[in-house]
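Participant: Fold the following.
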Amino acid sequence: MEIRYINDNEEKLRRWIEELTSKPTDLLAHTAEFQHAYFGAFHDEKIIGFSVVLKTDKWILDALFVHPDHRGRGIAGELTKARLAFARQNGAKEIWYCCGDQNTTSLSSHKGYKFVKVRKATPEEAPAPSHWYKMNI
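Facilitator: Predicted coordinates:
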């Protein structure tokens, strides 16, 4: 398995995301207005996971997805390490992510990074109930 930066100008990116998640996505439009980076997890040149980090008024770990056939192998952790490294290299002093309270998979995968719960997410930010978490660098 290899983690690598994905150029979001690649025509393949939208197809990869749709293939992995089985649904169309507007993720590319959402991130285009911000400084951002996509990372992919590849096995035998086939994408098996992706993640995004972006900078709005703060650095945010955004989408993270690993194909169900490849979960439980540390891929989400490797994608998160790549996102954190990118944010650090680009001046981040703190990194945020928003997560649904019932998303135990995401909460568990971020547990070892010393994120702390900061506040409830507003309905405009995320479906309820969700919270924002922050990690200082």
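Participant: what about Arg73, distance to Leu79?
Facilitator: Distance from Arg73 to Leu79, counting by C-beta to C-beta, to the nearest Å: 12 Å. Heads up, the C-betas are built off the backbone N, CA and C, glycines and all.
Participant: Comparing these two, which shows the higher neighbour count?
Facilitator: Using other C-beta atoms under 10 Å, the more surrounded residue of Arg73 and Leu79 is Leu79, with 26 against 15.
Participant: Tell me where this structure has helices.
Facilitator: 12-21, 27-32, 75-89, 104-110 (DSSP state H).
Participant: just those helices: most buried one?
Facilitator: Across the helices of the chain, averaging neighbours per residue (mean count of other C-beta atoms under 10 Å) puts helix 75-89 on top, at a mean of 19.
Participant: Make a markdown table out of the helices of the chain and add distance to Ser51 and mean pLDDT.
Facilitator: As requested, the helices of the chain are exported to a markdown table (distance: least, C-beta to C-beta, whole Å; pLDDT from 0 to 100):
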| stretch | distance to Ser51 | mean pLDDT |
| --- | --- | --- |
| helix 12-21 | 11 | 74 |
| helix 27-32 | 11 | 68 |
| helix 75-89 | 4 | 95 |
| helix 104-110 | 11 | 82 |
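Participant: Touching both of Arg73 and Leu79, which residues are there?
Facilitator: Counting by C-beta atoms under 8 Å, 6 or more residues apart in numbering, Arg73 and Leu79 have no contacts in common.
Participant: how about the strands in this structure?
Facilitator: Under the criterion DSSP state E, the chain contains strands at 2-6, 35-43, 46-55, 59-66, 94-100, 116-120, 130-136.
Participant: list the contacts for Leu84?
Facilitator: Leu84 is in contact with 53, 61, 95, 113, counting by C-beta under 8 Å, 6+ apart.
Participant: so how far is Tyr113 from Ser51?
Facilitator: Applying C-beta to C-beta to Ser51 and Tyr113 gives a distance of 13 Å.
Participant: The two - which one has more neighbours?
Facilitator: Comparing Ser51 with Tyr113 by neighbour count (other C-beta under 10 Å), the higher total belongs to Ser51, at 25 against 15.
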